[in-house]
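K.L.:
what's the 3D shape of this:
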Amino acid sequence: MLPFIDSEDDIYINLSIVLIIIKSLGKTSRGILKINNEKLHIFLYLIKNPTVLNILLRMSGKSTVFLNDYDSYSVASISPNFEPLFNGGDLKALLSILIAKKMVTVIYKKNSAFFYVLSGSGSSAEALLQDEYLKEVRLMCDKLKSVLSISDSQLNQSLSQIIKKGISVNVE
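P.N.:
Predicted coordinates for the structure are as follows:
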């Protein structure tokens, strides 16, 4: 029997998603750094769980992303696994790889946090990512721009509310 590899666990897909998140959301148009460990962890989870992303966007009064049937009616969308929100080990490993490959630069801001931006080689690599799924990831990142100004604690509170209430799928 051949082993089944879950695409959610594929390292190359996850590295690609992290590159896209940092490229799309790392800085505002004014150059203000936005992607720290907490936001990156939350945004990675939301990108991989678009049903939860839409609930968060609705709670924030923002427009939602279009979900295809798979995203709306799969077991993972109806009953998402919230465990990755409480485990940062995978993200730490992904960041370690991207930093070691000099694709991501870490900027420390005193009294704030560590922030991530793409290096020149990271930007070049991100531009080459043109798969259909990764184009959808970029569209989700565009929607996430509307919540960049929300604090980490507010994002965590919203996610806690979603977890406590359970997920209710409203297909629009």
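K.L.:
Tell me which residue is most central in the protein.
P.N.:
Computing the C-alpha centroid of the chain and ranking residues by CA atoms, centre = their mean puts L44 first, at 2.3 Å.
K.L.:
Identify the residues contacting that one.
P.N.:
Contact partners of L44, counting by CB atoms under 8 Å, 6 or more residues apart in numbering, are 14, 17-18, 21, 91. Yep, even glycine has a C-beta here, placed from its N, CA and C like the rest.
K.L.:
in the strand or helix carrying it, what's buried?
P.N.:
Counting by DSSP states H and E, the element that carries L44 is helix 37-48. Buried positions in helix 37-48, judged by neighbour count with 16 or more other CB atoms under 10 Å: 37, 39-48.
K.L.:
Now flag whichever of the residues you listed is closest to T64.
P.N.:
L46 (11.7 Å; CB to CB).
K.L.:
So for that closest one, what's the nearest residue that isn't a sequence neighbour?
P.N.:
L53 (4.1 Å; CB to CB, 6 or more residues apart in numbering).
K.L.:
Many thanks, I have nothing further to ask.
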